[in-house]
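> this is a predicted model, with the sequence first.
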Amino acid sequence: MELLMSIVIGIIFSVSIYLFMSKNLLRVAVATLLLSHGVHLLLVTMSGLQRGASPILSFDAEAYTDPLPHALVLTAIVISFAVTALLLVMSYRTYKVHKTDDLEKLRGSADE
Amino acid sequence: MTLLHWAVLSPFIAAILIPFLYKYLKRIHTGWFVFILPLVLFIYFLSFIPRTSSGEAILNNLDWVPSLGINFNVYVDGLSLLFALLITGIGALVVLYSIYYLSKRKEKLNNFYVYLLMFMGAMLGVVLSDNLIVIYVFWEVTSIASSLLISYWYTREKSIYGAQKSMYITVFGGLSMLAGFSLLYIIAGTFSIRELVANADIIMASSLFIPAMILVLLGAFTKSAQFPFHIWLPDAMEAPTPVSAYLHSATMVKAGIYLVARLTGVFGGAPEWFWIITAAGLITLIWGSISAVRQKDLKGILAYSTVSQLGLIMSLLGAGSAAFYFQDGDSALYMTAILAAVFHLINHATFKGSLFMAVGIVDHETGTRDIRKLGGLMTIMPVTATISLIGLASMAGLPPFNGFLSKELFLTGMLNVTEYGIFNLEAFGFIIPIIAFIASVFTFLYCILMFSKTFMGKFDISKLKVKHVHEAPAGMLISPVILAVLVIVFGLFPNLLAYSIIEPAMAAIAPGILSPGEFFDVHITHWHGFSAELFMTIGIIVLGVLLFMTFKKWENTAFYRGEKDLFNAAYDYGYDGLIKGSQGLTRIQMTGRLRDYFIYMCTFIILIMGYTMYRYNLPLIQNLDLSPIPIYTWLVISVFVGSILTIPFLNNRIAIIITTGVSGFLVALLFVLFRAPDLALTQLLIETVSVVLFMLVFYHLPKLKKVKTPPRMKTIKLVISIGFGLMITLGSLSAFSMGQEANYESISEYYTENSKEKAGGYNIVNVILVDFRGLDTMLEVLVVSLAVLTVVSLIRLRFKGGEDV
Amino acid sequence: MMKKPNNMMLQTLARLIILVVLSFSIYLMLAGHNSPGGGFIGGLMTASAILILYLSFGLNPIKKVIRFDFIKIIGIGLLLPGVTGLVSIFLGDSYLKQYFDYFQIPLIGEVELTTALPFDLGVYFVVLASALTIILTIAEDDK
């Protein structure tokens, strides 16, 4: 399972990096979203998968899955939502002001 | 905190008060308030003379960062006292002079006096501290104050240029010096100068000795304007004249000399120390005196003359350091050089100070300092002319002034070098007195030129900008007159200084040379028979006069007509080159394209991770204890991978958003499979909100265009993204297997075990968030709210009037 | 979003769904300490419930009903954890130490009360208001 997930995570990262290198703001925004998916899955995978019950003590199981990455990822999901929202709003404002979403045209001047 | 500490800090405290005095007591020239401080300090330091002249040193400790060996320990011995007296004494005179020089109506006096006091305090700190780090801190403050004072008239192009130049050069030196100090700390384990001197033999034996010495000397040489770092000093003349008289001739430029003198006890005796300092001093001496002859600006002449005189003192300290080589040899042979250095230091401060002030008066009254426009001022400004005559005669080395005495001692010191019989001096030693002789001829020459061009010849008002020229007001003359009187007094009665100040200073420079209770027995005389020095002096005068008489012949040569220093061009080219070079370098990498940045970053990550994995043989991805894959997960994962892989090929906005959304919901499903109910719920809800958000925003964005990427670019993108993905896969696997193999006890155990007992909660994830790591959660929530505030202000905040950015 | 929604099905369903979703979200929030849920999840669930309202009834009608300034709610939400954290300082413990105990309440039975609850409530408010503020700000800019 961990091997399979590692490969899946690799694919997510590849696609995300590929999208980052495109010229379009929408693709870049999607790329950040995918990247955060990749990171969240990576954090969960690294500690091992499906090795016990859900981390809720009422289940009274012998072993629980590692709760720490879950806590980390939970906050990470919320923060990445805030960051994605910020990025989206920035691209939205950029388009309104500059009338383009082409990153090639949004470059600063050479002397900056 | 003792009185001595307060003495060092008092100028800083006074500097804080100055702006208020300037603002609320506008009718009184701010300088009068400032004047009190150096005067009081001068008298205070005078009271130390009886103690230091009996060979005593005063040390007051104050801990600052004791764990790092940094303490503000104030140390007063002969050498520090000499400098403290110079700083406060000349300081008082300069402040007095500035009261008349700077108009209280036109000038920003508050800036001027704040910087000046800042400098005074810092300079006292440099000479009175025992700790190298404290010295360094004060040292840099003097550099900053100096730059601020040079750019005092900050609207002038040349002032800014001069300030920047002095800043770059002296701060470069200061940083090298700090590195040198750190090396000394590595060798000896202390920043205290006294302890370093005590451990001099350990330091001498270390392999870091030479680097430490060179780095420290870089600091001293840049500060004291030694060749080839002298170029900042002439440009520093853009500062108001009182500043030039104070910082750039009497005190700050002598900080380097102070440091060399102070550390002679640590480094002295090494042949490298002797050669570097003597050579640098002599080259500076001759280069400065020859350049001074070429100058047309009175302050330019004085600047180069200062450079050359600093070289003179430096070379004497170098020659004197040989005393440490023969611990019990004939100390008189070397100590003459140190005596000459200390004596000339005092003399230079007096005559150069008076000369700068006289030049300031000429500039103030005539509006120019160009010797081609000036002339015949002797009858119009008799007092100024007399002061200049005394100062110049002393500088040229004529009897009976103090310059004559120290010049004779200098020649003696240089002649003595040939008799050392160490450091291969038998072969090259004879060059040293010759250089000294030639440099003295040029010194004599520029002194006559300066006097004759300014005060003799014809007075021509038409060349000047002002209508009337008259003698300066009495107040402005007080300070230069006092200094000129001192020139004569020290010339006639040199032994006034000998026991009180010079001997203790010498003892401080060369600690351990004297046995306790012994004294140097300095006795300076005008006449010591028909010696080599006397004939050299006569030779200097004859040659100098000859060159002056033939002035008309070489007046139009290229040598005299140009006045630019070769090394200035080197600095300018270097400076421009550095700026252009770094701009070019920045432009190459900072293309403004996100794609390029990602290519750089990812390439480096791939290389570093790849190398590390190769280097450590990927040892960990073996014997993986993988959990089984249930059949239904294949379904979820294949749909997930499929949706992710489709995204790059889509060219429709809505399709991209929906596909991304689908992949997000599948992540939630994966979390369910991984038994993380909280994550699954959060992911599910976030994805819902995100899709709404995406829809909202992209409603406003333009349609996607089909982008055609050149095949080469496409290949690069593919290679980098696939390589990056591969690295992540491998990294994830090795992290997983490392966690298994190493058998660490996971910190999660603690949470699992204590969740119920200590926090009363069954949901461990939630307990971690709100109980165990509450502060983290609180700050995380803060981050979210900040992001929201940014979003709100990005959208709602509009600048007034038209287009907003 | 600004076009007048005229979808009978959606509006009728929305009324029903909202009721379920809102009450479930509050349950999630309160039950978070012992079963899946908590401030983050509860807040997001409430936010999506309100979003459904906006989506089905349009921006302005709902604004007349829900008159909260969400940015102020963020402020309250930030204040709550900070203040509950202070309680432990007065009791002589370190900042943000949480307490819990079990109480017998008539009719309901044994109930666990924790100081983590107001803390989580703060998180709930911040997450709820943040999600809504972001979306509403963009929607309102649509002019």
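Received, thanks. Quick caveat: nothing in here was measured; it's all calculated off a predicted structure. Numbering: from 1, shown residues only, chains lettered A, B, ... in the order given.

> from here on, contacts and neighbour counts on C-alpha atoms
OK.

> residue A:105 in helix, strand or coil?
coil (DSSP: H, G, I helix; E, B strand; the rest coil).

> secondary structure element for residue C:113, which one?
Following DSSP states H and E, one finds residue C:113 within strand C:109-114.

> list the buried residues in the helix or strand that that strand is followed by.
Using DSSP H and E, the helix or strand that follows strand C:109-114 in sequence is helix C:116-140. Under the neighbour-count criterion of 16 or more other CA atoms under 10 Å in any protein chain shown, helix C:116-140 has C:116-139 buried.

> export the strand holding residue C:113 as CSV, just CAs?
What follows is strand C:109-114, C-alpha atoms only, in CSV (Å, rounded to 0.1, in the frame of the first residue of the first chain):
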residue,chain,number,x,y,z
GLY,C,109,-27.2,12.5,32.7
GLU,C,110,-23.4,12.6,33.0
VAL,C,111,-21.9,15.3,30.9
GLU,C,112,-18.2,16.1,30.3
LEU,C,113,-17.4,19.8,30.3
THR,C,114,-14.0,21.0,29.2
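
> give me the subset of the buried residues of helix C:116-140 touching chain A.
C:134, C:138 (CA under 8 Å from any CA of the partner chain).

> and the strand holding residue C:113, what does it pack against?
strand C:100-105 (3 or more CA pairs under 8 Å, 6 or more residues apart in numbering or on different chains; DSSP states H and E).

> and the strand it packs on with strand C:109-114, angle?
Put simply, strand C:100-105 runs at 150 degrees to strand C:109-114, going by axes from the mean of the first three to the mean of the last three CA atoms, to 10 degrees.

> contacts for strand C:100-105, please.
B:759, B:760, C:110, C:111, C:112, C:113, C:114, C:115, C:116 (CA atoms under 8 Å, 6 or more residues apart in numbering or on different chains).

> and stretch C:34-44, by the same measure?
Contacts of stretch C:34-44 (CA under 8 Å, 6+ apart): A:56, A:58, A:78, B:677-678, B:681-682, B:685-686, B:761-763, B:766, C:25-32, C:120-128, C:131.

> for the strand holding residue C:113, which outside residues touch it?
Contacts of strand C:109-114 (CA under 8 Å, 6+ apart): C:98, C:99, C:100, C:101, C:102, C:103, C:104, C:105.

> from those, which one has the minimum pLDDT?
Among the contacts of strand C:109-114, residue C:105 carries the weakest pLDDT, at 77.

> only alpha carbons, please: show stretch B:711-722 as CSV.
Taking C-alpha atoms only, stretch B:711-722 is exported to CSV below (Å, rounded to 0.1, in the frame of the first residue of the first chain):
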residue,chain,number,x,y,z
PRO,B,711,9.0,20.7,-28.3
ARG,B,712,12.3,21.5,-26.6
MET,B,713,10.6,23.3,-23.8
LYS,B,714,8.1,20.5,-23.5
THR,B,715,10.9,18.0,-23.1
ILE,B,716,12.5,20.1,-20.4
LYS,B,717,9.2,20.4,-18.5
LEU,B,718,8.5,16.7,-18.8
VAL,B,719,12.0,15.7,-17.6
ILE,B,720,12.0,18.0,-14.7
SER,B,721,8.5,17.2,-13.5
ILE,B,722,8.9,13.5,-13.8
